[in-house]
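> The following comprises the amino acid sequence and a computationally predicted model.
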Amino acid sequence: MDSLLEDTHGSVRVLTLHRPASMNAIDTALRDRLIAALAAADADDAIRAVIITGAGERAFCSGQDLGETATYGIDDVAAWLTANHRMYRAVRALDKPAVAAFNGTAAGAGFQIGLCCDLRVGYPEMRIGQPEIRAGLASIVGSQMMAWHTTLGHNVELSLLGDLVTGQRAWEMGLLSRLVPQADVFPTALGLAERLAAQPVTAMRLTKQRFRAQTDAAFEGALDAAIVAQRTAYASGEPQAAMARFLAARRDASKAP
């Protein structure tokens, strides 16, 4: 199964995270496919905007594939996070506008992909948040990006409790650009992408470059800090234990009649 689907609607490239059995969780193959597809879209003059969405109705992206990260030790952390950071940079580096169509749960790395996009469309009943702390990981990159959209109090609440809030609550916090019924998420995202695609190309590129210039120092600082923090977390053994508990619970649930 291809972990990333690509489609084109006029001048809009649609990239669909396609691991529905894993709630579109990010593994190495999906991450690499997404980075390559984003670069290709940016290099294609016929493409004027990008939508990122997820397969199915359960999830946009549930975050990092814990089945993969549970196997990591402290010496694997830097390479893993460096690769993930390339993915976030690939979204931010687009000179073309990007819209996240949150068709379902957006958590952790999935939420952060959405935060890297220019606009985010969700629905009231969806679940969204930053649950890294529950997996024994520090909330570093996500908390930095949330700081550009919501208050410090909301950021602290989401980062320290690790709760997934509803789309309605995320909208109230300023984390969503549009809140619509679930059936309208993709049509609304497509309409926004088409409006963005109709804008002058050079002005769009220069405006996006200016936004990146305003935030890059903090963003890159957060990426560096995340590697240091997560190595410390892995040295404590907390992430490995939390992920093992999660995977055991998932196995038990799959065996239940």
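Here it is on my side, so go on. Predicted model, so just to flag it, every value in this text is computed and none were measured.
> Just the C-alphas of the least confident helix or strand in the chain by mean pLDDT, formatted as CSV.
In the chain, no helix or strand scores lower on mean pLDDT, DSSP states H and E than helix 238-255, which sits at a mean of 81. The C-alpha coordinates for helix 238-255 follow below in CSV (Å, rounded to 0.1, in the frame of the first residue of the first chain):
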residue,chain,number,x,y,z
GLU,A,238,10.2,7.0,30.4
PRO,A,239,9.4,7.1,26.7
GLN,A,240,10.3,3.4,26.2
ALA,A,241,8.1,2.4,29.2
ALA,A,242,5.1,4.6,28.1
MET,A,243,5.3,3.3,24.5
ALA,A,244,5.5,-0.3,25.7
ARG,A,245,2.4,0.2,27.8
PHE,A,246,0.5,1.7,24.9
LEU,A,247,1.5,-1.1,22.5
ALA,A,248,0.6,-3.8,25.1
ALA,A,249,-2.8,-2.2,25.6
ARG,A,250,-3.4,-2.0,21.8
ARG,A,251,-2.5,-5.7,21.5
ASP,A,252,-4.9,-6.6,24.3
ALA,A,253,-7.7,-4.6,22.7
SER,A,254,-7.1,-6.3,19.4
LYS,A,255,-7.6,-9.7,21.1
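> Do you have the strands of the stretch 101-250 of the chain handy? List them.
Applying DSSP state E, counting those that start in this stretch to the stretch 101-250 of the chain gives strands spanning 105-107, 119-122, 127-129, 164-166, 178-179.
> Out of the ones you listed, flag the one nearest Asp7.
Smallest distance to Asp7 across the strands of the stretch 101-250 of the chain (Cβ to Cβ): 17.0 Å, for strand 119-122. All C-beta atoms are positioned from the backbone trio N, CA, C, and that covers glycine.
> Centre of the chain to that closest one, how far?
Here strand 119-122 shows a centroid-to-chain-centroid distance of 12 Å under the convention Cα atoms, centre = their mean, to the nearest Å.
> Can you pull up the most central residue in the protein?
For the chain, the residue nearest the mean C-alpha position is Ile113 (2.3 Å; Cα atoms, centre = their mean).
> Name the surrounding residues that touch the least confident helix or strand of the chain.
The contact list for helix 238-255 (Cβ atoms under 8 Å, 6 or more residues apart in numbering) reads Leu66, Gly67, Thr69, Ala70, Arg134, Ala135, Gly136, Leu137, Gln230, Ala233, Tyr234.
> what about 6 Å?
Outside helix 238-255, the residues that touch it by Cβ atoms under 6 Å, 6 or more residues apart in numbering are Leu66, Ala70, Ala135, Gly136, Leu137, Ala233.
> Where is pLDDT lowest across these?
Of all these, Ala70 carries the smallest pLDDT score, 81.
> Now for the nearest residue to that one once chain neighbours are set aside, how many residues are close by?
With sequence-adjacent residues excluded and distances taken as Cβ to Cβ, 6 or more residues apart in numbering, Ala70 is closest to Met243, at 3.9 Å. By other Cβ atoms under 10 Å, the residues close to Met243 number 21.
> and Ser236, how many neighbours?
Ser236 is flanked by 11 other residues according to other Cβ under 10 Å.
> With adjacent residues omitted, what lies nearest to it?
Gly136 (7.5 Å).
> For the stretch 51-200 of the chain, give me the ranges with low pLDDT.
Along the stretch 51-200 of the chain, no part satisfies pLDDT under 70.
> same thing but at 90, please
Scanning the stretch 51-200 of the chain for pLDDT under 90 picks out 66-73.
> hey, where'd the helices end up in it?
Secondary structure of the stretch 51-200 of the chain by DSSP state H, counting those that start in this stretch: the helices cover 66-69, 77-92, 109-116, 141-146, 152-161, 167-173, 185-197.
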